[in-house]
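**Student:** Sharing a sequence plus its predicted fold:
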Amino acid sequence: MFYHGRSMVRPQYREVLVKSALTRVTGMGFGWSLNPYQGCVHGCVYCFARAHAKLADRDPGEGFSTDIAVKVNLPQLLRQELSRPSWRHERVAFGTATDPYQPIEGRYRLTRHCLEAFRDSWTPVGLITKGTMVIRDADVLAELATRTETTVCFSVPTVDEEVWRRTEPGTPPPRQRLRALRELVAAGITAGVGMAPILPGISDAPAQLEATVAAAAEAGAGFLWANPVYLKPGTREYFLAFLDREYPHLRPSYDRLFPGAYVPARYKTAVQEQVGRLRDRHQVGTQPRPARIQPVQPTQLALIS
C-alpha cells in the first residue's frame, strides 16, 4: 500500500501481454527504452511519467499509482528483439517511465529476466531506480558490466527526510538507496545519483543540496547530475494539488515560475552550476573503485562469438 493524499490506497495489478518490448527514443542520450511495468506504486507527486499517462488516455492521478500493468511476456519478447540480425547493440535506458524495482518485481522478476537477456546479448544498459531491490540483481549487473557499458542511476532528489516523506510516499528512504548504491559499487558496478527533480522552495536550499551531494559522495557515487522539476499536463495538475495541500504558501511562486512546463533557464542553470560546484568540492566520482574487467565493446562481438 502507499500513501495518497490522506489515506492508504492498495494498488491493483493487471497482467497484460504486449506486442513489443523495446521503444525507440529520439532526441535523448539513448536510442531505446524499456519498462516492464506501466504505472508505479511509488506515487511520487512530481513524476514526469504522469504526463505520459495523460497522453495515453490513462489516469495520471491516483490511478497512476494504483492501477499497475504487469507486462508478463516482456522478457520473452525482449530476447526475440535482441536476437534479430538488425539489432545494433545500442544503449537501452531501463526504467524511464516506471520504476523497474517497485515492490511487485519481487514476485514477477521481470526486471531480472530482462537484465539476463541484456547480459546474454551484450547490450549496454543504463538503469534508473529508486528501489533498493536492485541489489538482488547485483550478480547479473556485474556480469553485464564485464561485457558492455552498464550503469545504475539512483534517483535521490534530496536526503531531506521531511521532503521525502511528503513527495515520494511509496519509496525507500533516500539513505537506504545510497546504501544500495554502495553495495553495487563494491560489486564493481558503475552507479551514481540523479538529483532530480529539484523542487523550487522545497528541496533547493543550499544546505539541502550540499547534504545530498555529500551523502552521494560518501556512498561512493561514480557520477551525479541534477535537474529541476518540469510540469507537463498530467503531472502539473497532480503536483499543484499537492502543493496547495502541503505547501500552499509556495503556490504563487510556482505560478510565476511555471507559466508553462519548465522553469526559466536562469533558474535551471543556477541550480546545476551550484550542484556542479558541490560535486567538485566533495569529489564525486574520484574515489578509488574496486578493480573489474573492462567491458567489451559491441564492435568486438564478432571476434568473440
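**Tutor:** That came through, no problem. A quick note: this is a predicted structure, and the numbers were derived from the prediction, not measured.
**Student:** same question for stretch 134-153, mean pLDDT?
**Tutor:** What stretch 134-153 shows for mean pLDDT is 98.
**Student:** Next, the distance between the ends of it.
**Tutor:** Stretch 134-153 has an end-to-end distance of 11 Å (criterion: Cα to Cα, to the nearest Å).
**Student:** Residues in contact with it: which ones?
**Tutor:** Residues outside stretch 134-153 that contact it (Cβ atoms under 8 Å, 6 or more residues apart in numbering) are 89, 91, 101, 111-112, 115-116, 118-119, 122-129, 180-181, 183-184, 187-194, 222-223, 292-293, 295-298. Placement of C-beta: from N, CA and C, glycine included.
**Student:** Can you say which of these are buried?
**Tutor:** Neighbour counting by 16 or more other Cβ atoms under 10 Å classes 89, 91, 101, 111-112, 115-116, 118-119, 122-129, 180-181, 183-184, 187-194, 222, 295, 298 among these as buried.
**Student:** So which of the contacts of stretch 134-153 belong to helices?
**Tutor:** When DSSP state H is applied, these are split such that 111-112, 115-116, 118-119, 180-181, 183-184 fall in helices.
**Student:** Can I get these in CSV including distance to Pro233 and pLDDT?
**Tutor:** What follows is those, written out as CSV (distance: Cβ to Cβ, whole Å; pLDDT from 0 to 100):
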residue, distance to Pro233, pLDDT
Thr111, 29, 98
Arg112, 34, 98
Leu115, 33, 98
Glu116, 37, 98
Phe118, 33, 98
Arg119, 38, 98
Ala180, 33, 98
Leu181, 33, 98
Glu183, 39, 98
Leu184, 36, 98
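**Student:** Among those residues, which pair sits farthest apart?
**Tutor:** Spatially, the most separated pair among those is Glu116 and Leu181, at 21.8 Å (Cβ to Cβ).
**Student:** check contacts around Tyr262.
**Tutor:** Applying Cβ under 8 Å, 6+ apart, the residues contacting Tyr262 are 230, 268.
**Student:** Using PDB, write out the CA atom coordinates for stretch 115-131.
**Tutor:** Only the C-alpha atoms of stretch 115-131 are listed here, as PDB (Å, rounded to 0.1, in the frame of the first residue of the first chain):
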ATOM      1  CA  LEU A 115      18.800  -7.900 -17.400                       C
ATOM      2  CA  GLU A 116      19.700 -11.600 -18.100                       C
ATOM      3  CA  ALA A 117      18.600 -11.000 -21.700                       C
ATOM      4  CA  PHE A 118      20.800  -7.900 -22.000                       C
ATOM      5  CA  ARG A 119      23.700  -9.800 -20.400                       C
ATOM      6  CA  ASP A 120      23.400 -12.700 -22.900                       C
ATOM      7  CA  SER A 121      23.100 -10.300 -25.900                       C
ATOM      8  CA  TRP A 122      25.900  -8.000 -24.700                       C
ATOM      9  CA  THR A 123      23.700  -4.900 -24.800                       C
ATOM     10  CA  PRO A 124      24.600  -1.800 -22.900                       C
ATOM     11  CA  VAL A 125      22.200  -0.600 -20.300                       C
ATOM     12  CA  GLY A 126      21.500   2.400 -18.200                       C
ATOM     13  CA  LEU A 127      19.100   1.600 -15.400                       C
ATOM     14  CA  ILE A 128      17.400   4.200 -13.200                       C
ATOM     15  CA  THR A 129      15.600   3.400 -10.000                       C
ATOM     16  CA  LYS A 130      14.500   4.400  -6.500                       C
ATOM     17  CA  GLY A 131      14.300   0.800  -5.500                       C
END
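**Student:** Which stretches in the stretch 51-200 of the chain count as strands?
**Tutor:** Per DSSP state E, counting those that start in this stretch, the stretch 51-200 of the chain carries strands over the ranges 67-71, 92-94, 125-129, 150-155, 190-198.
**Student:** Which one of those strands lies nearest to Thr26?
**Tutor:** strand 92-94 (12.5 Å).
**Student:** in its sheet, what does that closest one sit against?
**Tutor:** The partner list of strand 92-94 in its sheet, established with DSSP bridges, is strand 32-34 (parallel), strand 125-129 (parallel).
**Student:** Out of the ones you listed, which is closest to Val156?
**Tutor:** Nearest of the strands paired with strand 92-94 (Cβ to Cβ): strand 125-129, 10.5 Å.
**Student:** So Ala69 sits against Gly39, correct?
**Tutor:** Yes. Counting by Cβ atoms under 8 Å, Ala69 touches Gly39, with 6.3 Å between them.
**Student:** The two - which one has more neighbours?
**Tutor:** Gly39 (28 against 17; other Cβ atoms under 10 Å).
**Student:** got a list of what that one touches?
**Tutor:** Contacts for Gly39 (Cβ under 8 Å, 6+ apart) come out as 53, 58, 63-69, 98.
**Student:** Good, wrapping up.
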